[in-house]
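Student: A predicted structure for the sequence below; I have some questions about it.
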Amino acid sequence: MQVRIRQRWMVLLVWVADRPRGSAVAATLLLALVATLIRPPLIEGSMVDQLAGSNVQLEIAREISAASGAASAAAVIVSPADVSISAVFGGLAKLEQRLVQLDSRISLRSIDAARDQLFVYDLTSSDRVADLLAVLRDNPAASTIIARDATRFLIVVQAPENLELQVIDILNDYDWREIATQTTVLASAQLERDVVAGLEKDLRLLLPVIVGTTLVALFVAFGYWRALLLPLFASISSTLVTFALFSATVVTINLITLLALPVVLIVGLANSCHFLARSETDLSSGEDVDEAIRVTMRRVGPPFFFSSLTTAIALASLGLNELPPIANFGLLSAGALLIVFLLVLLAAPLSLRWYLQGSGASWQASRHFAALSRLLATWRTHIGALLLLAMIAGAVSLPLLSVKSEPRAFFPDDAPFSSALRMFENEFYLFSPLRVLVFADGAEPLPMLRSAGALRDALAELPATRQVTMEPAADRDDAYVISALLASEDHLAEVRRLIDGAALGDGVMAIYSNASLVYGDIDRQAMGSLLRSLGWSVLLIFGAIWLAFGSARATLSAMLANAVPLMLVCGAVWLIGNPLNLVSVFVFLVALGVIVDDSIHLLFWRAAGDSISGSSIEFSVILSTVVLCLGLLLCQLSDFPTTRQFAAYCALALVGAVVSNLSVLPLMLGSSQPRAASA
């Protein structure tokens, strides 16, 4: 069957193939021009700023934070030394004095040990009891009840947000040795420091490891060092282009946008495999080097363009998302992939010439996949049927998935803050206090004050709340801020029902928020936007396939073949008991843009009238998938659970996609051959 797209494509591709040195010089100059845009990256560690968008809960949280004086909390978990109670209180008094010298608004207090079942001191001897009674007699305000069977106590430091870093420095520098054997400081500013350190570690570690390991894998596959020239150029281009776009668009690197670097890098490396596999086959079939390069460019160029275009479409659809980091990731990745496509296309002829001129030393890499090819050819029908059944099972599990956002998934595992949280899981609620702003909306001040006091008392009576306080609003004279620590996030629904059902009186309003509500609202907003982006991505990608091939059967076959791996991911998420969250839906969009590349290469191959089984296209599709999965699995070295989860789900989708495209797609196409439409 004739591929009519040649009329326009082939002129350009043959022109590039016949001028390998000139094209390589153009690619080098273009890459050098792009590299001049690179600036030192801006790394953002603030969790809310990373996911911030225009959502109701975030605006409420900011309004309440301003009304409360923008106070932030730092917790110090103390394991005391073998000293008297009076020595402990004396040491804490010195600490408080240092903090107050920084700013008089800073306060230090201990959690009520009787309510929280936390430690103040281990009372095992009478002299310590006597010391305690003396302290309580002389200091009635410090009459904290002591738990005899506890092993630590907790100090909470309240400070204005702009002084949080200075407070952390004082807490870390304070000499605790007189009163404690171990101290752990937990604060949101410390978390931001840990996130930035984790992102810097990922930048230093992941990119070199991915490039080095995949190049070694390609050397094993092809057995000749010259085969690494094009992948090496692709990896350098992908890295420089992505960093240049970060600088040119002034996009900060955070947990979401960081994923653009490995995604563009891995896809760029994988795409180079198609040129290598095809050129080796053409040379072994009797063509000379120049003709083998021309044939390779004619056969690989068009599907390379369409696969890059569809991947860019899937990523660019994320630009519709209302959350800036997700939109930035999508647009930046899409732009980088298209630029890398042009650079790799220009550099391919010269790289392939150097490779093919010495390919006598090659291991003829496709032979290593002969056994796999025979297995696919023999069991194609059975494998396809099993995958279709698995797709149905995955689709059935989709409504059973729970939807939940987990803020702690964005914390680096090995950082001090996260390590401490694993040890003191119950204290996490300190960083998510529920704050209620009660204000007069036409009411007199006295009824408003009574309503606020009644709500405070009602919250204090709940077993689910701790340390309920009420203070006048810092920025207005007609409002009060009620703050309550929750025993756990599981009690949030109970507290919300009480506030929503409270009789506040005419003209009195109350709004409330905490970190869980903010993240939940962000998650719902992101999920809705991602699902809309997924719909547009499916429409545009498969619309482009229909325009390219002019065949409804080819389009529907590609849709079905690529639905299989996505449903496999759904089934895996359900089987391991994970909720459907922002990362899971994010994977569907990114994975769809990558896995559809296999379908496009195979459809172009079938459109030329060639058989898939045992061919170079089968080998190159498998090899590119191996490179993609290897790069994604190396992302498991990241400290961030979100990065590891994203990479694992994408790798699963890619494995399912290559098997599906080599079994389900040929079965659906049958004996018909899609025809590439004229460009």
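Tutor: Cool, got the structure.

Student: care to break the chain down by domain?
Tutor: For the chain, the structural domains run 6-51+223-409+519-669, 70-187, 433-513, going by automatic domain parsing.

Student: comparing those by mean pLDDT, which bottoms out?
Tutor: Mean pLDDT across those is lowest at domain 70-187; the value there is a mean of 67.

Student: could you dump the domains of the chain into a markdown table with distance to Leu207 and mean neighbour count added?
Tutor: All C-beta atoms are positioned from the backbone trio N, CA, C, and that covers glycine. Below are the domains of the chain laid out as a markdown table (distance: least, CB to CB, whole Å; neighbours: other CB atoms under 10 Å):
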| stretch | distance to Leu207 | mean neighbour count |
| --- | --- | --- |
| domain 6-51+223-409+519-669 | 6 | 21 |
| domain 70-187 | 30 | 16 |
| domain 433-513 | 36 | 17 |
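
Student: can I get those in TSV with distance to Ile210?
Tutor: Formatted as TSV, those follow (distance: least, CB to CB, whole Å):
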stretch	distance to Ile210
domain 6-51+223-409+519-669	5
domain 70-187	33
domain 433-513	36
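
Student: ok, which stretches of the stretch 51-200 of the chain are strands?
Tutor: Assigned by DSSP state E, counting those that start in this stretch, the strands in the stretch 51-200 of the chain fall at 71-80, 107-110, 153-160, 180-187.

Student: before we move on, what about the chain?
Tutor: Using DSSP state E, the strands found in the chain span residues 71-80, 107-110, 153-160, 180-187, 434-440, 465-472, 479-486, 508-513.

Student: closest one to Ala244 among these?
Tutor: Between Ala244 and these, the tightest spacing by CB to CB is seen for strand 180-187, at 35.6 Å.

Student: strands paired with the closest one, and their directions?
Tutor: Strand 180-187 sits in its sheet next to strand 71-80 (antiparallel), going by DSSP bridges.

Student: report the distance from the strand it pairs with to the chain centre.
Tutor: Strand 71-80 has its C-alpha centroid displaced from the chain centroid by 29 Å (CA atoms, centre = their mean, to the nearest Å).

Student: just stretch 516-531 next, same as before
Tutor: The chain centroid and the centroid of stretch 516-531 are separated by 14 Å under CA atoms, centre = their mean.

Student: can I get that stretch in PDB, CA atoms only?
Tutor: As requested, C-alpha coordinates have been extracted for stretch 516-531 and formatted as PDB (Å, rounded to 0.1, in the frame of the first residue of the first chain):
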ATOM      1  CA  SER A 516      -6.500  19.300  55.100                       C
ATOM      2  CA  LEU A 517      -9.300  21.400  53.800                       C
ATOM      3  CA  VAL A 518      -6.900  23.500  51.600                       C
ATOM      4  CA  TYR A 519      -5.300  20.400  50.200                       C
ATOM      5  CA  GLY A 520      -8.600  18.700  49.700                       C
ATOM      6  CA  ASP A 521      -9.900  21.700  47.700                       C
ATOM      7  CA  ILE A 522      -6.800  21.900  45.700                       C
ATOM      8  CA  ASP A 523      -7.000  18.200  45.000                       C
ATOM      9  CA  ARG A 524     -10.700  18.400  43.800                       C
ATOM     10  CA  GLN A 525      -9.800  21.400  41.600                       C
ATOM     11  CA  ALA A 526      -6.800  19.700  40.100                       C
ATOM     12  CA  MET A 527      -8.700  16.400  39.600                       C
ATOM     13  CA  GLY A 528     -11.500  18.200  37.700                       C
ATOM     14  CA  SER A 529      -9.000  20.100  35.500                       C
ATOM     15  CA  LEU A 530      -7.000  16.900  34.900                       C
ATOM     16  CA  LEU A 531     -10.100  15.000  33.800                       C
END
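
Student: Throw the strands of the stretch 51-200 of the chain into CSV and include distance to Leu259, thanks.
Tutor: CSV is the format used below for these (distance: least, CB to CB, whole Å):
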stretch, distance to Leu259
strand 71-80, 29
strand 107-110, 40
strand 153-160, 34
strand 180-187, 27
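
Student: looking at those strands, which is closest to Leu455?
Tutor: In terms of CB to CB, the element of the strands of the stretch 51-200 of the chain nearest to Leu455 is strand 71-80, at 19.6 Å.

Student: could you give the angle of that closest one to strand 153-160?
Tutor: On the basis of axes from the mean of the first three to the mean of the last three CA atoms, to 10 degrees, strand 71-80 is oriented at 160 degrees to strand 153-160.

Student: can you give me the angle strand 71-80 makes with strand 465-472?
Tutor: In terms of direction (the same axes, to 10 degrees), strand 71-80 departs from strand 465-472 by 140 degrees.

Student: distance of the nearest residue to Phe640 once chain neighbours are set aside from Gln525?
Tutor: Sequence neighbours aside, Pro412 is the residue nearest to Phe640 in space, at 5.6 Å (criterion: CB to CB, 6 or more residues apart in numbering). Plainly put, Pro412 is 25 Å away from Gln525 if you go by CB to CB, to the nearest Å.

Student: ditto for Ile600
Tutor: Applying CB to CB, the value for Ile600 to Gln525 is 33 Å.

Student: over to His274?
Tutor: His274 is 38 Å from Gln525, by CB to CB.

Student: which of the strands of the chain sits closest to Phe640?
Tutor: Of all the strands of the chain, it is strand 180-187 that lies closest to Phe640, at 18.6 Å by CB to CB.

Student: do a quick rundown of the helices in the stretch 501-650 of the chain.
Tutor: 515-549, 552-575, 582-607, 616-634, 641-669 (DSSP state H, counting those that start in this stretch).
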